[in-house]
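Chemist: quick one: sequence and predicted model below, then my questions.
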Amino acid sequence: MEQHNTATPHVLPLSLYFTVAGTLFVLTGITVAVSFVHFGEFNIIVAMLIATVKASLVALYFMHLKYDNKLFMAVFLSSLIFLGLFLTLTMTDTMHRGDIDPIKEHPIKKEAIIYDK
Amino acid sequence: MEQAEKHPSYLQHHFADMAQQTDAAKLGMWVFLVTEVLLFGGLFGFYTFFRAWYPEMFMEAHKYLDVTMGTTNTFVLITSSLTMALAIRAMQLGKKKQTIAYLAGTLFFAAVFLVIKYFEYSHKFHMGMLPGKFYTFDGIQAANPHIFFSVYFTMTGLHGIHVIIGMIIITWVMIRTMRDEFSPEYYNPIELTGLYWHLVDLIWIFLFPLLYLIG
């Protein structure tokens, strides 16, 4: 991939910005429409897929990641990798509490009210 | 001392040339954005873990969020991202007036976002759908609905604070543009402001379906 000299700005065509914004609008419409159809477990997967596509469009074109120094893309992706690690490792705890020993529920602090309804 | 004369005022003396300075500044901004992703990441974790524990409660509680207002705000924020990107493009072409107009447009859409958010918040305040121990609403049957509103207010609240900070920085670069401090050779502060503003948009792109569009 060719690296552009940032001293002379790489000006993207106006039509590209409007196409990206238009695609983001359409995808927003789709994600709202799809949320009214019930797929059960798949709703969250579809919603996150669409959000990821939208986020990628913003990052690649509006934030110029596609055209800038590839180091910036590596730095940004590293944050997502660490976020994934952080969430996955924590879920190995939160999703398996009580698997070995049953949980005895009691509030840690008096103020930490868990309301029973 | 010919070397010194060639040095433009906006090029710091410790950089060899503009390309190096621009890349260094952008790298610094991206590293800051990484810390922002991880800051919000903690809250996305808050959301994920509690949604996994209380799926029915999340399903029931999210129905009290206004999808129309949320969708409108998504369109508003994407539009503000577009005007921000166009402001940078205008400065790349040296069109100062256009840059100012696009920055003003971005500020306008940011303000619209906050006004809509204000109406959403005041409605929930009125209904008693507040975080934690302040929760007094009686209409949700599932257990612990106050947790959903804790998630909702911390995530959208922190995001809202970012919108306000973004507006302050955009105003600042707009004033600097009016003072003729930027040119196609040097517009780094506008570009870095743009990166920040787009990240605020990115976070909303995930917040919106997670909070408003649960199944």
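Modeler: Noted; the coordinates are in hand.
Chemist: for chain B, which segments are assigned as helices?
Modeler: B:2-6, B:18-53, B:55-61, B:67-92, B:96-127, B:145-178, B:188-212 (DSSP state H).
Chemist: of all these, which one is nearest A:V75?
Modeler: Nearest to A:V75 among those is helix B:18-53; the distance by CB to CB comes to 4.6 Å. C-betas here are computed from N, CA, C, even on glycine.
Chemist: what angle do that closest one and helix B:188-212 make?
Modeler: Here the directions of helix B:18-53 and helix B:188-212 differ by 10 degrees (axes from the mean of the first three to the mean of the last three CA atoms, to 10 degrees).
Chemist: which parts of helix B:18-53 are buried?
Modeler: Under the neighbour-count criterion of 16 or more other CB atoms under 10 Å in any protein chain shown, helix B:18-53 has B:18-19, B:21-23, B:25-26, B:29-30, B:33-34, B:36-37, B:40-41, B:43-45, B:47-51 buried.
Chemist: ok, that helix near chain A or not?
Modeler: Yes - taking CB under 8 Å from any CB of the partner chain as the criterion, helix B:18-53 and chain A are in contact, through B:18-19, B:22-23, B:26-27, B:30-31, B:33-34, B:37-38, B:41, B:44-45, B:48-49, B:52-53.
Chemist: related to what we said a few turns ago, reformat the helices of chain B as a markdown table; add mean pLDDT and distance to A:F86.
Modeler: Formatted as a markdown table, the entries for the helices of chain B read as follows, by pLDDT from 0 to 100; distance: least, CB to CB, whole Å:
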| stretch | mean pLDDT | distance to A:F86 |
| --- | --- | --- |
| helix B:2-6 | 54 | 48 |
| helix B:18-53 | 94 | 6 |
| helix B:55-61 | 91 | 21 |
| helix B:67-92 | 97 | 26 |
| helix B:96-127 | 96 | 28 |
| helix B:145-178 | 96 | 16 |
| helix B:188-212 | 96 | 15 |
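Chemist: same list (those) but as JSON lines, adding distance to A:A55.
Modeler: As requested, the helices of chain B are arranged in JSON lines below (distance: least, CB to CB, whole Å):
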{"stretch": "helix B:2-6", "distance to A:A55": "42"}
{"stretch": "helix B:18-53", "distance to A:A55": "11"}
{"stretch": "helix B:55-61", "distance to A:A55": "22"}
{"stretch": "helix B:67-92", "distance to A:A55": "11"}
{"stretch": "helix B:96-127", "distance to A:A55": "18"}
{"stretch": "helix B:145-178", "distance to A:A55": "14"}
{"stretch": "helix B:188-212", "distance to A:A55": "5"}
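Chemist: quick one: which of the ones you listed is nearest A:G84?
Modeler: Proximity to A:G84, assessed across those by CB to CB, is greatest for helix B:18-53 (9.3 Å).
Chemist: what's the angle from that closest one to helix B:145-178?
Modeler: Orientation note: helix B:18-53 sits at an angle of 170 degrees relative to helix B:145-178 (the same axes, to 10 degrees).
Chemist: check which helices and strands helix B:18-53 is in contact with.
Modeler: When contacts are defined as 3 or more CB pairs under 8 Å, 6 or more residues apart in numbering or on different chains; DSSP states H and E, helix B:18-53 packs onto helix A:70-94, helix B:145-178, helix B:188-212.
Chemist: one more time with 10 Å, if that's ok
Modeler: Under the contact definition 3 or more CB pairs under 10 Å, 6 or more residues apart in numbering or on different chains; DSSP states H and E, helix B:18-53 sits against helix A:70-94, helix B:55-61, helix B:145-178, helix B:188-212.
Chemist: identify the residues contacting stretch B:25-39?
Modeler: By CB atoms under 10 Å, 6 or more residues apart in numbering or on different chains, the residues outside stretch B:25-39 that reach it are A:6, A:59, A:63-65, A:68-69, A:71-80, A:82-83, A:86, B:12, B:15, B:41, B:44, B:158, B:162, B:188-189, B:191-196, B:198-200, B:202-203.
Chemist: skipping its backbone neighbours, what lies nearest B:L93 in space?
Modeler: A:V11 (6.2 Å; CB to CB, 6 or more residues apart in numbering or on different chains).
Chemist: quick one: the one you found is in a strand?
Modeler: No - according to DSSP: H, G, I helix; E, B strand; the rest coil, the state of A:V11 is coil, so it is not within a strand.
Chemist: circling back to that earlier point, what's the closest of the helices and strands packed on helix B:18-53 to A:I45?
Modeler: helix B:188-212 (11.1 Å).
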